[in-house]
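In: Sequence plus predicted model, see below.
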Amino acid sequence: MTIILGIEGTAWNLSAAIVNEDDVIAESTRTYKPAAGGIHPREAAQHHAAHVGEVIDELFRAFEEKGYSRSDIDAVAFSKGPGLGPCLRIVGTAARMVSLMLEKPLVGVNHCVAHIEVGLWKTDATDPITLYVSGANSQVLAYEENEPGIGAYRVFGETLDIGLGNSLDKFARSAGLPHPGGPLVEKYAKEATEYIELPYTVKGMDFFFSGLSTAATRALKEKSNPNKNNIDETLANVCYSYQETAFAMAVEVTERALAHTGKNEVLLAGGVGANSRIREMLEQMCADRGAKFFVPEKKFMGDNGAMIAYTGLLMFKAGDTLSVEESYVDAGFRPDEVKVSWKEEKQKNRAEEIKKMQNGAEAVVHAELKSYGFEKEFGVAANDQNQPEMVVKERIQKNYRLPQIDSKLRKERTRTEVRMLTEARRCGITVPVIYGVSDYAIKMEQIQGLPLKFVIDENETIAEEVGKTIGKLHANNIIHGDLTTSNMIYKQTPDSDAKLYLIDFGLSFSENSVEAKGVDIHVLFQTFDSSHKNPEKLKDLFAAGYRKSYKEADSILKRAEEIKMRGRYIEGK
Ligand SMILES: C[C@@H](O)[C@H](NC(=O)OP(=O)(O)OC[C@H]1O[C@@H](n2cnc3c(N)ncnc32)[C@H](O)[C@@H]1O)C(=O)O
Ligand SMILES: [Fe+2]
């Protein structure tokens, strides 16, 4: 058995643990609670510095009481980042000292990856999409192999402003509640009597929580009326509506990632994962699409030393150790920067993956028009011999979100899709022809081709074609809103040139701004990073095509790069 000591202390919780392959052997924790306001990085660091000695002592005592001796420890793991710089430096220093004392190597662990690995350890999940929602971070990730036995946790979507937990904490503070506000929001939400509309912002696979937090604060002020004595009730209603909106956004992106990758497991990680409503929503979403949902015990969800020790154990066994010189901390350390070498080689089954992918995230595409009840919906007879091949794209009900949120989104997106498809066609973009519309369904041309996801790696020059198409779209101020390689279809015919079709305009809108266009491209580049072999080459080819068809291309590409940097962990975010 391998035995690893791990120290966590990226923010509020200083926690150390010793684990082996099977379980936690010993642990010791001291928690920083801000006297007022949110977490102060320097105060938190002072707290960790003041207590790290006793935490390590207590840990060794508990370990030795179980009959072990210190020399049984094989390595010392620590949180290398992301996190608050001053806190990371204390933990890094402590880890170096313990490592020198024990004469055992150091292992530098990525905190986000540890949140995932502990979930894989403590549940039966094997290859999930992970929804990682904590204070500072909110991401949807999955492991992707790059070469046999070596891969990375790819970020499919993430917050482009602040983390879900911090947004809840910020709102709670504005309502006069103590830190951390997340659990209190959950408590008050249970007393709600009414849903209040709040902004729902998903762009492609990314979400935004800052505007929601501000809107919730505003709603609380506006709706509270001391004369009516309704302050408690309003707080409950806002908390409830906040949760319903924010969690629906997070679950929606998780489902998109499931659809895009064809995976069929979901793992929940991070402090916000303690919330029972987000669990319920994920469970419902998974049940509705036949996926499995996993969540570890609560003590492994928030920041804990065991997750660092366990991930350290996997890394140590794969030979991934550090010298003292290499053991610097990195406050902006992203999970997708970690070279994962501790997993077994995966056997991919492409046919199976394509089959699973056809179950889109928000819509079902019916090719069998008769069985769908085509006549009833559109008032005309189903396909006769003279008509072109058609499909019906139906936005199906999502049981995980409130009916009010659900039907509004579905109607809005159906209407938007029709409007924007028409608009795109007018600008000379190749899109499916529309034959009919109802509240939640669109009857349209069936494109016989393969999603770009499955052809672009073998034929990378298509990326230039993609660039030209998106350049044209942006030159006409159309923002697609969900640019992934699943939302483009490549149709090859023996007698004509191949054609690139753009589909799925449900999140599209018209806007002439560098920001909106930059986000659009950022979303696409994330897909290149997460799902393709040579992302940098694809990006270069895309940029070349984009420049050819759009004269403002350079400023947009530059903005896309800046947006990418915003996704990085920023202190105090
Ligand atoms: C970098 C690292 O330090 C950071 N860790 C972190 O944020 O602590 P974590 O324990 O994963 O999550 C704490 C967050 O989780 C929220 N939280 C805890 N219980 C909650 C609940 N029942 N409902 C909603 N939010 C909850 C808190 O309000 C707080 O914002 C991270 O993982 O991003
Ligand atoms: Fe965390």
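Out: Cool, got the structure. Ligands and ions are numbered 1, 2, ... in the order given.
In: from here on, contacts and neighbour counts on C-alpha atoms
Out: Fine.
In: tell me which element residue 443 is part of?
Out: According to DSSP states H and E, residue 443 maps onto strand 441-445.
In: Contact partners for the closest residue to residue 551 other than its chain neighbours?
Out: The spatially closest residue to residue 551, leaving aside those adjacent along the chain, is residue 475, at 7.9 Å (CA to CA, 6 or more residues apart in numbering). Counting by CA atoms under 8 Å, 6 or more residues apart in numbering, residue 475 touches 549, 550, 551, 552.
In: taking the residues you listed one by one, which sit in helices?
Out: Those of the contacts of residue 475 mapping onto helices are residue 549, per DSSP state H.
In: who wins for neighbours among the contacts of residue 475?
Out: Neighbour count (other CA atoms under 10 Å) singles out residue 550 as the most crowded of the contacts of residue 475, with 20 neighbours.
In: In three-state terms, label the closest residue to that one other than its chain neighbours for me.
Out: Among residues not flanking residue 550 along the chain, residue 471 sits closest, at 4.9 Å (CA to CA, 6+ apart). Secondary structure for residue 471, judged by DSSP: H, G, I helix; E, B strand; the rest coil, is helix.
In: got the contact list for residue 471?
Out: 545, 546, 547, 548, 549, 550, 553.
In: host element of the second one?
Out: Think residue 546. In this assignment (DSSP H and E), residue 546 forms part of helix 535-549.
In: Check for me that residue 365 belongs to a helix.
Out: No - Residue 365: not assigned to a helix; according to three-state DSSP it is strand.
In: Okay, and residue 26 sits in which element?
Out: Short version, using DSSP H and E: residue 26 is in strand 24-31.
In: Next secondary structure element downstream of that strand?
Out: Next along the chain after strand 24-31, taking DSSP H and E as the criterion, comes helix 41-65.
In: Average pLDDT for that following helix, rounded please.
Out: Across helix 41-65, the average pLDDT comes to 97.
In: Does that helix reach ligand 1?
Out: No - between helix 41-65 and ligand 1, judged by CA under 6 Å from any ligand atom, nothing touches; the nearest distance is 10.6 Å.
In: So which elements touch the very next helix or strand once past that helix?
Out: Of the helices and strands lying after helix 41-65 in sequence (DSSP H and E), the nearest is strand 75-81. Under the contact criterion of 3 or more CA pairs under 8 Å, 6 or more residues apart in numbering; DSSP states H and E, strand 75-81 touches strand 4-8, helix 85-102, strand 106-110, helix 111-122, helix 305-317.
In: tell me which element the nearest residue to residue 360 once chain neighbours are set aside falls in.
Out: Once flanking residues are discounted, residue 360 sits nearest to residue 259: 5.3 Å by CA to CA, 6+ apart. Using DSSP H and E, residue 259 sits in helix 231-261.
In: got the buried residues for that helix?
Out: For helix 231-261, burial by neighbour count (16 or more other CA atoms under 10 Å) applies to 231, 233-261.
In: and the next element down the chain from that helix?
Out: Beyond helix 231-261 on the C-terminal side, the first helix or strand identified by DSSP H and E is strand 265-269.
In: now the strands: where do they sit in the stretch 351-500 of the chain?
Out: 363-366, 390-395, 434-437, 441-445, 450-451, 478-479, 488-493, 496-502 (DSSP state E, counting those that start in this stretch).
In: what's the spacing between stretch 171-178 and its chain's center?
Out: How far stretch 171-178 lies from its chain's middle: 26 Å, per CA atoms, centre = their mean, to the nearest Å.
In: you'd agree residue 143 is in a strand?
Out: Yes - assigned with three-state DSSP, residue 143 falls within a strand.
In: about what we covered before: which two among the contacts of residue 471 are spaced furthest apart?
Out: Using CA to CA, the pair of those lying farthest apart is 545 and 553, separated by 9.6 Å.
In: Go ahead and report the secondary structure state at residue 155.
Out: Strictly by three-state DSSP, residue 155 counts as strand.
In: That one reaches residue 138, doesn't it?
Out: No - applying CA atoms under 8 Å as the test, residue 155 and residue 138 come out as separate, 10.2 Å apart.
In: Contact residues of the chain facing ligand 1?
Out: 10-11, 82-83, 134-137, 165-166, 169, 180-183, 186, 270-272, 274-275, 302-303.
In: And those, which of them are buried?
Out: So, by 16+ other CA under 10 Å, the buried ones in the residues of the chain next to ligand 1 are 10-11, 82-83, 134-137, 165-166, 169, 180-183, 186, 270-272, 274-275, 302-303.
In: Out of the residues you listed, which sit inside helices?
Out: Going by DSSP H, the helices hold 165, 166, 169, 182, 183, 186 from those.
In: Mind picking the two most distant members of the residues you listed?
Out: 166 and 186 (14.1 Å).
In: wouldn't the residue nearest to residue 360 be in contact with residue 356 here?
Out: Yes - with contact defined as CA under 8 Å, residue 259 reaches residue 356; the gap is 7.3 Å.
In: which regions of the stretch 101-250 of the chain sit below the pLDDT cut-off?
Out: The stretch 101-250 of the chain contains no residues with pLDDT under 70.
In: That should have said the stretch 351-500 of the chain, apologies.
Out: 351, 353-355, 357-359, 368-388, 495-496.
In: Tell me which stretches of it form helices.
Out: Applying DSSP state H, counting those that start in this stretch to the stretch 351-500 of the chain gives helices spanning 369-372, 374-378, 403-426, 462-475.
In: what angle sits between the third one and helix 462-475?
Out: What that stands for is helix 403-426. Inter-element angle recorded for helix 403-426 and helix 462-475: 100 degrees (by axes from the mean of the first three to the mean of the last three CA atoms, to 10 degrees).
In: all numbers from here: first residue = 2
Out: That works, and once the first residue is 2, the last one we named lands at helix 404-427.
In: what helices or strands is helix 404-427 leaning on?
Out: Applying 3+ CA pairs under 8 Å, 6+ apart, we find helix 404-427 packed against strand 442-446.
In: Give the pairing partners of the strand it packs on; include direction for each.
Out: strand 391-396 (antiparallel), strand 435-438 (antiparallel) (DSSP bridges).
In: Run through who's touching it.
Out: Applying CA under 8 Å, 6+ apart, the external contacts of strand 442-446 come out as 389-396, 415, 419, 433-438.
In: ok, now with 7 Å
Out: With contact meaning CA atoms under 7 Å, 6 or more residues apart in numbering, strand 442-446 is reached by 390-396, 415, 433-438.
In: do the same with stretch 225-237
Out: 189, 190, 192, 193, 221, 224.
In: now swap in stretch 532-552 and tell me
Out: 458, 461-462, 464-469, 471-473, 476, 526, 529-530, 554.
In: For PyMOL, what selects the buried ones among those?
Out: For the buried members of the contacts of stretch 532-552, the matching PyMOL selection, counting by 16+ other CA under 10 Å, is:
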select buried, resi 458+461+464+465+466+467+468+469+471+472+473+476+526+529+530+554
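In: Residue 456 - nearest residue in space that isn't next to it in sequence?
Out: Leaving aside its chain neighbours, residue 456 sits nearest to residue 491 (7.7 Å; criterion: CA to CA, 6+ apart).
In: The one you found against residue 504, yeah?
Out: No - taking CA atoms under 7 Å as the definition, residue 491 is not a contact partner of residue 504, at 10.8 Å.
In: more neighbours, these two?
Out: Between residue 491 and residue 504, counting by other CA under 10 Å, residue 491 is the more crowded of the two (22 against 19).
In: Provide a list of residues in contact with that one.
Out: Contacts of residue 491 by CA under 7 Å, 6+ apart are 450, 451, 452, 453, 499, 500, 501, 502.
In: what bridges to the last one?
Out: It stands for residue 502. Under the criterion used (DSSP bridges), residue 502 bridges to residue 490.
In: Roughly how far does it sit from ligand 1?
Out: 38 Å (CA to the nearest ligand atom, to the nearest Å).
In: pLDDT score assigned to that residue?
Out: Note on residue 502: pLDDT of 95.
In: Apart from its neighbours in sequence, what residue is nearest the residue in the stretch 2-151 of the chain that ligand 1 sits nearest to?
Out: Here the stretch 2-151 of the chain gets closest to ligand 1 at one residue, residue 136, 3.2 Å apart by CA to the nearest ligand atom. In this structure, residue 136 finds its nearest non-sequential neighbour in residue 166, 3.8 Å apart by CA to CA, 6+ apart.
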